[in-house]
Every structure is written in structure tokens, then in C-alpha cells.
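1. Show me the folded form of this:
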Amino acid sequence: MKRSRMWLGLLAVFACGLVIGGLSASIYERHQAAERYRLIRQDKGAFLTQLILDRLDDTLELSAAQKARIQPLLLEAFRRSLKLREQVRPQQEQIIRETTGQLQGLLTPAQVKKLADSGEWKLLMPRPPK
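-> This is a model prediction of the structure:
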């Protein structure tokens, strides 16, 4: 009888460890993803440039001279892409405002309030795949 209680207790501790470990890993991954997005938005392409340069280096085994010549090309491409995104963003926001207005006509008052409280546009963006 005493041994079975001991094994049950040990099993309970092990199960708790699994649950806590899983939750901790999930929280850590979300934090890491948020930090990557912050870096991407904050540094105007330098973070992405480094990620792509590292991937190219791993795949193509670039020399130091090649990396030195490729990095500015990638950085300039990201900066040009960012300028284009900034030009298009007002049009995207207008489309989202129009769509939100159309959605409000199809929703209940409680759903309209929830949509407004959530930041409207956030609900119109697709979730990343899990």
C-alpha cells in the first residue's frame, strides 16, 4: 500500500513537471517571437539582412568577401521594400477601415464593441500558422 502511494506521488510530481515545462516553453516561444518582430520593425532591415545572410552562408558556403559584398545589397533591398510598404500602408489602412465599416453592419452590438475593443484591424489580419 505504501509503495503504491509513493509511485502515485512520484507520477503526480512528474506530470506537474511536464505541464509546467510545456507552459514555460510556450511562454518562452511567444516571448522570442515577439522579440523577433520587435527587432524586425525597429532596425529597418538589418536583422532580416543578417538572418538571410546567415542562411545564404549556411547553404552556399560564402566567403568573407562574398558576405561583405552581399550584405549591403540585401540591406538596400530591405530599405527599398520598407519605403514601398510605407507608401502603400495608407491605402491598406483605408481598405481595412472600409471593411470594418461593412462588417459592423453584419454584427450584433456586442460583437461591434468587441471588434472596436480589439483594435479592429488586428482581427482582420490572418493568424500565423500554428
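
2. what's the helix or strand for the residue positioned nearest the centre of the chain?
-> Nearest to the mean C-alpha position of the chain, by C-alpha atoms, centre = their mean, lies Ala33 at 4.9 Å. Assigned by DSSP states H and E, Ala33 falls within helix 2-42.

3. just how off-centre is that helix within its chain?
-> Chain-centre distance of helix 2-42: 20 Å, with C-alpha atoms, centre = their mean, to the nearest Å.

4. what is the mean pLDDT for it?
-> Mean per-residue pLDDT for helix 2-42: 88.

5. other SSEs contacting that helix?
-> Judged by 3 or more C-beta pairs under 8 Å, 6 or more residues apart in numbering; DSSP states H and E, the packing partners of helix 2-42 are helix 46-60. Placement of C-beta: from N, CA and C, glycine included.
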